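*Asks:* Sequence and predicted structure are below.
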2 protein chains.
Amino acid sequence: MTTTLPMRFPREGLPSRVRIHEVGPRDGLQNEKGQVPTDVKAEFIHRLAAAGLTTVEATSFVHPKWVPQLADAESLYPRLSDIEGVHLPVLVPNTRGLERAQALGATRIAIFASATETFAQRNLNRSVAESMAMFEPVVAAAKEAGSHVRGYLSMCFGDPWEGAVPVPQVVAACRRLLAMGCDELSLGDTIGVATAGHVQELLAALNEAGVPTPALGVHFHDTYGQALANTLAALQHGVTTVDASAGGLGGCPFAKSATGNLATEDLVWMLQGLGIDTGVDLDALVATSAWMAGELGRPSPSRTVIALSHKES
Amino acid sequence: MTTTLPMRFPREGLPSRVRIHEVGPRDGLQNEKGQVPTDVKAEFIHRLAAAGLTTVEATSFVHPKWVPQLADAESLYPRLSDIEGVHLPVLVPNTRGLERAQALGATRIAIFASATETFAQRNLNRSVAESMAMFEPVVAAAKEAGSHVRGYLSMCFGDPWEGAVPVPQVVAACRRLLAMGCDELSLGDTIGVATAGHVQELLAALNEAGVPTPALGVHFHDTYGQALANTLAALQHGVTTVDASAGGLGGCPFAKSATGNLATEDLVWMLQGLGIDTGVDLDALVATSAWMAGELGRPSPSRTVIALSHKES
């Protein structure tokens, strides 16, 4: 049935192609309990690339003390050198991280900023202004080296300590990141509270402030079940870059602390139905996530993975 | 945080009010393994009504042999007589079921038809034409008695045996149900394969065929994670009646045979964010679903219930 469903019904006003920024190996695995063996990570990324994903965020050069799950970045990254035609960005927190990444030949970089003061303090141990100042030389050095730089911005909609985040505050942070040289932004709903109208309101405000939609990606979490509906709202606004995590890795919805990423498979199902090209082979992706779920020893939270794995068994 | 989030961002072109047709006690519980005590069902429905739901489908007068979970309809329904100002429709499969419901004073009736031949044979043991002929006197008798009649139509998008279901086939079945006197239809994506474009295509085709949108409700399952995005697409087409199941009852997403209904809480979260009035008190609803999950001995599959129960604990 996977060959005939979903039926394709393109809609006017939606993009014809969407680039999925796959975050499973980085954002997903860094939020899993326990460390996944480097072998498994390497196979995971190879399989994601083989499934047709064109951007797979590979790992993070954050200090191992903060993210022990990705402490093997130095040994993992070189093992991806045989992957061709697929972007493999890496996260760097500061100049030291950038240098580690560059020493391995990484040319696509991501930094991680916050739209709120509380999260900046908790996650980066400095104010928003201080963290922006910290990122400035990182981005400058990356651009100097000819790299592509993505700027993650977290807490763009709600913050667990501050509640609702004012749109102008998010717009200001976005402009700051673009002004320092970021090529693209990823608007993060870190705690999953955004709804469709909020998404469109922020996107419209960014446009009004001179930020072009092609520079914007969206990064939704499914904490309140809103991730895919919010993605649809973003597509209707012209967004063509969507972050997702294979198998919904990154926070287990079976646990009380559910903060799962949008599952790539559920996204691909919707995009296929809308006739939007992604280049992804859904069956290969589902098989990859089902395999990874086995490695992690728990079922995938992706509804599509559950449904299609069942059919295959 | 529940008082400040989600932030409200009304969007043009969306309805200002949505009527949620709560199906948890009927569609939800009939798909749960094991029989829930009548006491618990009665309390569940009372709590849903108290939480502000204006339509709560209470039970089904199907032969107990087919749906043993709802075999207590005769003893349950009279225990709801103190609920005021809330519609409590019941499902009836045939004239015998209608008579049982009417003997208890039920004035809102629902029948259950199929858009596909295979499901009609499997679920109703007759062809689509034969089943429509069977429903005709049921609807006539209900209308004769002054009742409001809802016509469920299942398999409106995909069918597990037939694959994709042609839109004109669904339109024909809808017209047949309306012609026999149904006041409202519920378009069911029984296996959860629909995507947003498909939803809008069907709704547009129904309008072209003369079916007014106010007569249409949508009934999505979350098998592929599409239920809420599909609901958003339906709202954008002007639909104002949405079926949902408190706590996502009706098929456990933790099991391989996941066929869960759209969770009412996830729907309410989105509608609140869009500034769309439902009359529902989300905290009271979450508390009800958390209590019901305890009665069933398993966690609710609703992401919003998980998230908000966690905050409260």
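*Replies:* Perfect, I can see it now.

*Asks:* ok now do A:Pro214, which residues does it touch?
*Replies:* Shown in contact with A:Pro214 (C-beta atoms under 8 Å, 6 or more residues apart in numbering or on different chains): A:Thr240. Any C-beta I mention is one placed from the backbone N, CA and C, and that applies to glycine too.

*Asks:* same thing but at 10 Å, please
*Replies:* Contact analysis of A:Pro214 by C-beta atoms under 10 Å, 6 or more residues apart in numbering or on different chains lists A:Glu184, A:Gly238, A:Val239, A:Thr240, A:Thr241.

*Asks:* Are any of the residues you listed buried, and if so which?
*Replies:* Buried by 16 or more other C-beta atoms under 10 Å in any protein chain shown: A:Glu184, A:Val239, A:Thr240, A:Thr241, out of those.

*Asks:* which ones among these are found in strands?
*Replies:* Counting by DSSP state E, those place A:Glu184, A:Thr241 in strands.

*Asks:* picking that back up, out of the contacts of A:Pro214, give me the two with the largest separation.
*Replies:* A:Glu184 and A:Gly238 (14.4 Å; C-beta to C-beta).

*Asks:* picking that back up, specify which member of the contacts of A:Pro214 is nearest to chain B.
*Replies:* Closest approach between the contacts of A:Pro214 and chain B, by C-beta to the nearest C-beta: A:Val239, at 14.4 Å.

*Asks:* Now do the contacts for that closest one.
*Replies:* A:15, A:18, A:187, A:199-200, A:203, A:213-214, A:216-218, A:231, A:233.

*Asks:* now with 6 Å?
*Replies:* A:Leu216, A:Val218 (C-beta atoms under 6 Å, 6 or more residues apart in numbering or on different chains).

*Asks:* Burial check on A:Gly297, number of neighbours?
*Replies:* A:Gly297 has 7 neighbouring residues, counting by other C-beta atoms under 10 Å in any protein chain shown.

*Asks:* which outside residues touch the lowest-mean-pLDDT helix or strand in chain A?
*Replies:* Ranking every helix and strand in chain A by mean pLDDT, DSSP states H and E puts helix A:303-312 at the bottom, with a mean of 81. Under the criterion C-beta under 6 Å, 6+ apart, residues A:247, A:265-266, A:269, A:286, A:289-290, B:222-225, B:256, B:258 lie in contact with helix A:303-312.

*Asks:* need the residues of chain A near chain B, please.
*Replies:* When proximity is defined as C-beta under 6 Å from any C-beta of the partner chain, chain A approaches chain B at A:1, A:4-7, A:9, A:11, A:158, A:163-164, A:193, A:195-198, A:201, A:222-225, A:228-229, A:232, A:256, A:258, A:266, A:269-270, A:273-274, A:303-304, A:306-307, A:310.

*Asks:* In helices, which of those residues fall?
*Replies:* A:196-198, A:201, A:228-229, A:232, A:266, A:269-270, A:273, A:303-304, A:306-307, A:310 (DSSP state H).

*Asks:* now the residues you listed: which count as buried?
*Replies:* A:196-198, A:201, A:228-229, A:232, A:266, A:269-270, A:273, A:303-304, A:306-307.

*Asks:* Now the lengthiest helix in chain A: buried residues?
*Replies:* Counting residues, the longest helix in chain A under DSSP H turns out to be helix A:128-144. Judged by neighbour count using 16+ other C-beta under 10 Å, the buried positions of helix A:128-144 are A:Val128, A:Ser131, A:Met132, A:Met134, A:Phe135, A:Glu136, A:Val138, A:Val139, A:Ala141, A:Ala142, A:Lys143.

*Asks:* Now do the contacts for the third one.
*Replies:* The reference is to A:Met132. A:Met132 is in contact with A:Arg176, counting by C-beta under 6 Å, 6+ apart.

*Asks:* ok, which stretches of the stretch 51-200 of chain A are strands?
*Replies:* Listed in chain order, the strands of the stretch 51-200 of chain A (DSSP state E, counting those that start in this stretch) span A:55-56, A:59-60, A:90-91, A:108-114, A:148-154, A:158-159, A:163-164, A:184-189.

*Asks:* on that earlier part again, distance between the least confident helix or strand of chain A and the chain's centre?
*Replies:* Helix A:303-312 sits 23 Å away from the centroid of its parent chain (C-alpha atoms, centre = their mean, to the nearest Å).

*Asks:* do the same with stretch A:124-138
*Replies:* Taking C-alpha atoms, centre = their mean, one finds stretch A:124-138 lying 21 Å from the centre of the chain it belongs to.

*Asks:* Could you give the average pLDDT over it?
*Replies:* Averaging pLDDT along stretch A:124-138 gives 96.

*Asks:* Alpha carbons only: can I get that stretch in PDB?
*Replies:* The C-alpha trace of stretch A:124-138 is given here as PDB (Å, rounded to 0.1, in the frame of the first residue of the first chain):
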ATOM      1  CA  LEU A 124      25.000  29.200  27.500                       C
ATOM      2  CA  ASN A 125      25.800  30.700  30.900                       C
ATOM      3  CA  ARG A 126      25.600  34.300  29.700                       C
ATOM      4  CA  SER A 127      23.000  36.800  28.600                       C
ATOM      5  CA  VAL A 128      21.500  37.000  25.100                       C
ATOM      6  CA  ALA A 129      23.800  39.900  24.300                       C
ATOM      7  CA  GLU A 130      26.900  38.200  25.700                       C
ATOM      8  CA  SER A 131      26.100  35.000  23.800                       C
ATOM      9  CA  MET A 132      25.600  36.900  20.600                       C
ATOM     10  CA  ALA A 133      29.000  38.600  21.200                       C
ATOM     11  CA  MET A 134      30.500  35.100  21.800                       C
ATOM     12  CA  PHE A 135      29.100  33.800  18.500                       C
ATOM     13  CA  GLU A 136      30.300  36.700  16.400                       C
ATOM     14  CA  PRO A 137      33.900  35.700  16.000                       C
ATOM     15  CA  VAL A 138      32.900  32.100  15.500                       C
END
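
*Asks:* from the stretch 201-313 of chain A, which residue is nearest to chain B?
*Replies:* A:Gly273 (2.5 Å).

*Asks:* and the gap between the closest residue to A:Ile111 other than its chain neighbours and A:Leu185?
*Replies:* Spatial nearest neighbour of A:Ile111, chain neighbours left out: A:Phe135 (5.0 Å); criterion: C-beta to C-beta, 6 or more residues apart in numbering or on different chains. Distance of A:Phe135 to A:Leu185, computed by C-beta to C-beta, to the nearest Å: 12 Å.

*Asks:* A:Leu308 now?
*Replies:* Using C-beta to C-beta, one obtains 32 Å as the distance from A:Leu308 to A:Leu185.

*Asks:* and if you look at A:Leu53?
*Replies:* 20 Å.

*Asks:* of those two, who's got more company?
*Replies:* A:Leu53 (28 against 25).

*Asks:* my guess is the more buried one meets A:His21, correct?
*Replies:* No. In this structure, A:Leu53 is not within contact of A:His21 by C-beta atoms under 6 Å, at 8.8 Å.

*Asks:* related to what we said a few turns ago, could I get the contacts of A:Pro214 in CSV, plus columns for pLDDT and distance to A:Pro37?
*Replies:* Rendered in CSV, the data for those read as follows (pLDDT from 0 to 100; distance: C-beta to C-beta, whole Å):
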residue, pLDDT, distance to A:Pro37
A:Glu184, 98, 31
A:Gly238, 98, 41
A:Val239, 98, 35
A:Thr240, 98, 35
A:Thr241, 98, 30
